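Novice: got a predicted model here, sequence first, then my questions.
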Amino acid sequence: MITRAACEVYSKAFTVCVTAYLVILAAERLLHSVIPNETLRWATAFVIVQAVAIVALSLHLLVLRAYRQLKENIYEQIRPAIRDRVMALAFESESWSTGVPSRGVSRQVLEQSLAHALETLKASGRDRVARFALNRGFVAQWVKESSSRSKDVRKRAITLLGLTSPDAGKTALATAFHDRNPAVRIAACRAVLTSGDLAGAGDVFRLVLGESLLMRALLADDLKRRATYLLVNVIPPLLEKPPSLETARCFEMLIAWKRALPSFDIQPWLSGQRNQFLRPLVFGLLPYVPVDNSIEDRLASAIKSGELEAQCAAADAAGRLKRERLIPVLADALGREKRLALAAANAIAQMGEPGERYLEKIVVGPDRNAAAVALEALERVTVGLQ
Amino acid sequence: MPWLAFYRAVEVLIICYVALVNAAYFIFMAIGYFALRKESEPFSAKEIEVLLQSPFVPSVSVLAPAHNEAATIRDSVRSMLRLRHPRHEVIVINDGSADNTLAVLIEEFRLYRSSRVALGEIPTSGVRGVYESRDPIPLVVIDKENGGKADALNCGINYSRHDLFAAVDADSIIERDALLQISRPFLEHPDDTMAVGGIIRIVNGCTVEHGAVVAVNTPGNLCAQLQIVEYLRSFLAGRTALSFANTLLVISGAFGMFRRAVVVEMGGYRLDTVGEDMELVVRIHRRCRERRTACRIEFISDSVCWTEAPESWRVLRRQRIRWQRGCLESILFHKRLIGNARFGAVGLIGMPYFVVCEVFGPFVELAGYLATAAGLLSGLLSIPIALLFFAVSVLFGLVLSVSSVLLEELTICKYPNPRDVLRLLFAGLIENFGFRQVMLLWRVQAIFQVLRKKDRSWGEMERRGFQRPVSAEKSSDLADENTVPLA
């Protein structure tokens, strides 16, 4: 599939190649009157253009390095003083007595120092820095930069708006939610979550369910801080919809949070053909929801079913819930597919002494495959690797 | 004279061919530059801290085949255990070492003989024992009979327990966050991503302390400097461009991550080639396209593995012959893909590129040098044609070499010292006056070896350890990285 990014890259590369060709062509034309021999003319054109390219590239490299070094030296000279003043503003409530530079290296360094302070400070110190940024025009600048063509500039602007003034940057943040670049969308989500806006947290949750695994991984922890609100107001309506990929991702998020779900009725999710693809995830939720003894029948039935993922998940859940009555069912699974056998052996081992005794019997039993996985599980308990 | 006209026609054809090959490299350079700028930034420190606690990050088994690595295995394993990842295990496969590699590991990591069961069933040579540590560290050591790197990796895959595995060289240094960085495509596209390769950089000249590179410098040895330029061209331009077009056919054996289930289903690494890494990647492409399933195989420039480059020409020669053989063997195994539209961009771009540039390219270019020299000496060849050949081969190569160094400076910028940049620039300038031509000769030699079905043994290896700065006069023979530089 040709994406927008691919089109941009290929078109730029094509432009460079065509330009190179045209330059060689132009050189060949220029040499027309000087060199009558066509082959010699082309050869000379190539040589000249490439020689110039080599010199230009080499010079570019050296000048670039020199410029970077110079810039870094200037930054190192002025950064400490500006940073100290920002910290004094944050901690000692000292006012900024002089004017704020409107452009140039000093402004860049000041902006960097403000960003650093906003990202590292908490409470009143950060509030003072945020007010300074708002009053001195930085917030307005960041709102403008939130629609920059450069994704890095947009991301940085959104991040800083989230740390300073989510209200002032509300429109910018709303737009950033639908930015074409995922890093900017993540910054926008994080900004909303740190602002304390609960309705916004709901929007973020619904958004990340349709996003990549990476986005869910990066935002899961931030969303967890709003879990109480989400578990009551946002997640139940989502689970009432027909089962879908969104539902599966919802369950993944709940498992990642490892939060107890006191009012979650898991029984409807354990039955029914349409929930089959969700079943492994549902079993993963079992340690966090209230269950009664009837769950054992469900687990037993899942362990005996032919769906490997559900079987392994059910075995794992049985071990974590320490359902000793399921030991025989788990033991039956030891002679089957290796992944399942291992999951079953580990589950039995988690059940304490009854489980260990059972495994010891299997180790000396006739089934060598079952004995091997049982021995491994027992060893883990003995060595303390469980 | 007809034969004179024929000779000149052949020379012109050679010039066109070489120009085409170098133009392809130039296009890759351009695509590589813009693609690197478009590429996602590496994970920031904050993002890494979040991901280290995240259950969403897929678990990884780091597989490190080891053969006679007693001198360096301690440091290597320690550095692998220190890799930052929420859930990873290190599996060292002692592949029939004649030295005391196993004894060193047992003593250093308090290993005991465990009952760990193999989940996979890929056939391998005999396993003598499996060891785990009494300490709470995720280390498994498999002691097996010698079977070669591919066999050792297959054994490691059998004993791995995680969704992904990373094949690494035991003598390489992987940066601490590299495992997490290389996992990125598996997080962005979990259903489609099959394999990801990291960038291999040369550790010669760098300061290594406690298994980590603490200062990046260029080596004093010219041979190693020239290889740095070559690696930059190969990875930053070539692999970035091919990865961007999803036609990447090579992932370095020194550092690559694969989806375990897919590799197991395909029967693991092939044992009858020295290019098992390239062969596996091509086979993954082939499998996905035959089944019409999505397949992403990517290259991540932020995921860095440092490895030692040979500093002696003898060892370098052996390494390059091995790489070229591996490349050709992989292409021959999957020749059905060449020019086959059914296999998409891999069939229409990736494979033809390798055939034209990596298989026939060395023959044609070397023939060009020989024919040009002979022609000039005998007076059969005109100066303009000789100049044209010089322009499209040597000068164009110079442009590409200097561009690679500039690409590194513009994008990744690993060398902070200006003196190192000057060294690399100088190496880039002289690379095309001798080094490149010698590489061509070795590559042609390798092709003849494959065609004559010559012996495929790796040879013995020496290790020096990583504790002191790596800038030895005597270089060591290398382990297995099938980096297959492109130009």
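Specialist: Looks like it arrived, so ask away.

Novice: quick check: mean pLDDT across the lengthiest strand in chain B?
Specialist: If you go by DSSP state E, chain B has its longest strand at strand B:296-307. For strand B:296-307, mean pLDDT rounds to 94.

Novice: elements contacting it?
Specialist: Judged by 3 or more Cβ pairs under 8 Å, 6 or more residues apart in numbering or on different chains; DSSP states H and E, strand B:296-307 is in contact with strand B:173-174, helix B:178-182, helix B:184-188, strand B:193-202, helix B:240-244, helix B:276-290. Bear in mind the C-beta positions are built from the backbone N, C-alpha and C, glycine included.

Novice: get me the contact residues on the stretch 1-150 of chain B for chain A.
Specialist: Within the stretch 1-150 of chain B, the residues that sit near chain A (Cβ under 8 Å from any Cβ of the partner chain) are B:23, B:26-27, B:30-31, B:33-35, B:38, B:40-41, B:47, B:50-51, B:53-57, B:112, B:114-117, B:119, B:132, B:134, B:136.

Novice: which of the helices and strands packed on strand B:296-307 sits closest to chain A?
Specialist: Shortest distance between chain A and those, using Cβ to the nearest Cβ, is found for helix B:184-188: 3.8 Å.

Novice: the closest one near chain A anywhere?
Specialist: Yes - counting by Cβ under 8 Å from any Cβ, contacts between helix B:184-188 and chain A involve B:R184, B:L187, B:E188.

Novice: one step back: save the helices and strands packed on strand B:296-307 as a markdown table, and put in mean pLDDT too.
Specialist: As requested, the helices and strands packed on strand B:296-307 are exported to a markdown table (pLDDT from 0 to 100):
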| stretch | mean pLDDT |
| --- | --- |
| strand B:173-174 | 94 |
| helix B:178-182 | 96 |
| helix B:184-188 | 95 |
| strand B:193-202 | 96 |
| helix B:240-244 | 92 |
| helix B:276-290 | 95 |
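
Novice: which one of the ones you listed lies closest to A:M87?
Specialist: Set against A:M87 and scored by Cβ to Cβ, the helices and strands packed on strand B:296-307 come closest in helix B:178-182, at 31.8 Å.

Novice: now for that closest one, which elements pack on it?
Specialist: Using 3+ Cβ pairs under 8 Å, 6+ apart: helix B:178-182 touches helix B:45-52, strand B:193-202, strand B:255-259, strand B:296-307.

Novice: average pLDDT for the very next helix or strand once past the second one?
Specialist: Proceeding N to C from strand B:193-202, the next assigned helix or strand is strand B:207-209, under DSSP states H and E. Mean pLDDT, strand B:207-209: 90.

Novice: same question, stretch B:101-113
Specialist: Mean per-residue pLDDT for stretch B:101-113: 96.

Novice: can I get that stretch in CSV, CA atoms only?
Specialist: Provided in CSV are the C-alpha atoms of stretch B:101-113 (Å, rounded to 0.1, in the frame of the first residue of the first chain):
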residue,chain,number,x,y,z
THR,B,101,32.8,-21.9,27.5
LEU,B,102,30.3,-24.0,29.4
ALA,B,103,32.4,-24.2,32.5
VAL,B,104,32.9,-20.5,32.5
LEU,B,105,29.1,-19.9,32.3
ILE,B,106,28.4,-22.5,35.0
GLU,B,107,30.7,-20.9,37.4
GLU,B,108,29.9,-17.3,36.6
PHE,B,109,26.1,-17.6,36.7
ARG,B,110,25.7,-20.4,39.2
LEU,B,111,24.0,-22.7,36.8
TYR,B,112,22.3,-26.0,37.6
ARG,B,113,21.2,-28.6,35.2
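
Novice: buried residues in that stretch?
Specialist: With burial defined by 16 or more other Cβ atoms under 10 Å in any protein chain shown, the residues of stretch B:101-113 counted as buried are B:T101, B:L102, B:V104, B:L105, B:I106, B:F109, B:L111.

Novice: which one of those residues is nearest B:N221?
Specialist: Of the buried residues of stretch B:101-113, the one sitting nearest to B:N221 (Cβ to Cβ) turns out to be B:T101, at 27.8 Å.

Novice: what strand or helix carries the closest residue to that closest one other than its chain neighbours?
Specialist: Residue nearest to B:T101 in three dimensions, not counting chain neighbours: B:A70, with 4.7 Å by Cβ to Cβ, 6 or more residues apart in numbering or on different chains. For B:A70, there is no enclosing helix or strand under DSSP H and E.

Novice: pretty sure B:A70 is touching B:N94, no?
Specialist: No - the criterion here is Cβ atoms under 8 Å, and B:A70 misses it with B:N94 at 10.1 Å.

Novice: picking up where we left off before, between the buried residues of stretch B:101-113, which is closest to chain A?
Specialist: Nearest to chain A among the buried residues of stretch B:101-113 is B:L111, at 11.4 Å by Cβ to the nearest Cβ.

Novice: and the residue nearest to that closest one when sequence neighbours are not counted, how many residues sit next to it?
Specialist: Nearest non-adjacent residue to B:L111, counting by Cβ to Cβ, 6+ apart: B:Y131, 3.9 Å away. Neighbourhood size, B:Y131 [other Cβ atoms under 10 Å in any protein chain shown]: 21.

Novice: state the three-state secondary structure for the nearest residue to B:R82 once chain neighbours are set aside.
Specialist: Closest residue to B:R82 apart from its sequence neighbours, by Cβ to Cβ, 6+ apart: B:R176 at 6.3 Å. For B:R176, the secondary structure call by DSSP: H, G, I helix; E, B strand; the rest coil comes out as coil.

Novice: isn't B:R176 up against B:R84?
Specialist: Yes - the criterion here is Cβ under 8 Å, and B:R176 meets it with B:R84 at 5.1 Å.

Novice: dump the residue contacts of residue 114.
Specialist: Went with chain A since none was named. Counting by Cβ atoms under 8 Å, 6 or more residues apart in numbering or on different chains, A:L114 makes contact with A:V86, A:V129, A:F132, A:A133, A:F138, A:L160.

Novice: not what I meant, chain B
Specialist: Contacts here follow Cβ under 8 Å, 6+ apart; on that basis B:S114 touches A:E376, A:E379, B:V130, B:Y131, B:E132, B:V140.

Novice: could you measure it against A:E379, distance?
Specialist: 6 Å (Cβ to Cβ, to the nearest Å).

Novice: ok, now B:L387?
Specialist: 74 Å.

Novice: one more: B:I27?
Specialist: Relative to A:E379, B:I27 is positioned 56 Å away (Cβ to Cβ).

Novice: chain B: strands as residue ranges?
Specialist: For chain B, the strands defined by DSSP E occupy B:60-66, B:88-95, B:111-113, B:127-133, B:139-144, B:164-168, B:173-174, B:193-202, B:207-209, B:212-215, B:255-259, B:296-307.

Novice: quick one: the last one to strand B:164-168, angle?
Specialist: Yep, that's strand B:296-307 we're talking about. Angle of strand B:296-307 versus strand B:164-168, following axes from the mean of the first three to the mean of the last three Cα atoms, to 10 degrees, is 40 degrees.

Novice: strand B:296-307 vs helix B:276-290, what angle?
Specialist: Going by the same axes, to 10 degrees, strand B:296-307 makes 170 degrees with helix B:276-290.

Novice: mind listing the strands strand B:296-307 pairs with, and their directions?
Specialist: Applying DSSP bridges to the sheet, strand B:296-307 is found paired with strand B:173-174 (antiparallel), strand B:193-202 (parallel).

Novice: out of those, nearest to B:I338?
Specialist: Nearest to B:I338, of the strands paired with strand B:296-307 and by Cβ to Cβ, is strand B:193-202 at 20.9 Å.

Novice: quick check: angle from that closest one to strand B:255-259?
Specialist: Strand B:193-202 and strand B:255-259 are oriented at 170 degrees to each other (the same axes, to 10 degrees).

Novice: would you mind extracting the C-alpha trace of strand B:193-202 into CSV?
Specialist: Output of strand B:193-202 as CSV, limited to C-alpha atoms (Å, rounded to 0.1, in the frame of the first residue of the first chain):
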residue,chain,number,x,y,z
THR,B,193,5.4,-7.5,11.3
MET,B,194,7.4,-10.7,10.9
ALA,B,195,11.0,-9.6,11.4
VAL,B,196,13.0,-6.4,12.2
GLY,B,197,16.7,-5.8,11.8
GLY,B,198,18.8,-3.4,13.7
ILE,B,199,21.9,-1.4,12.6
ILE,B,200,25.3,-2.9,13.0
ARG,B,201,28.1,-0.5,13.8
ILE,B,202,31.8,-1.1,14.1
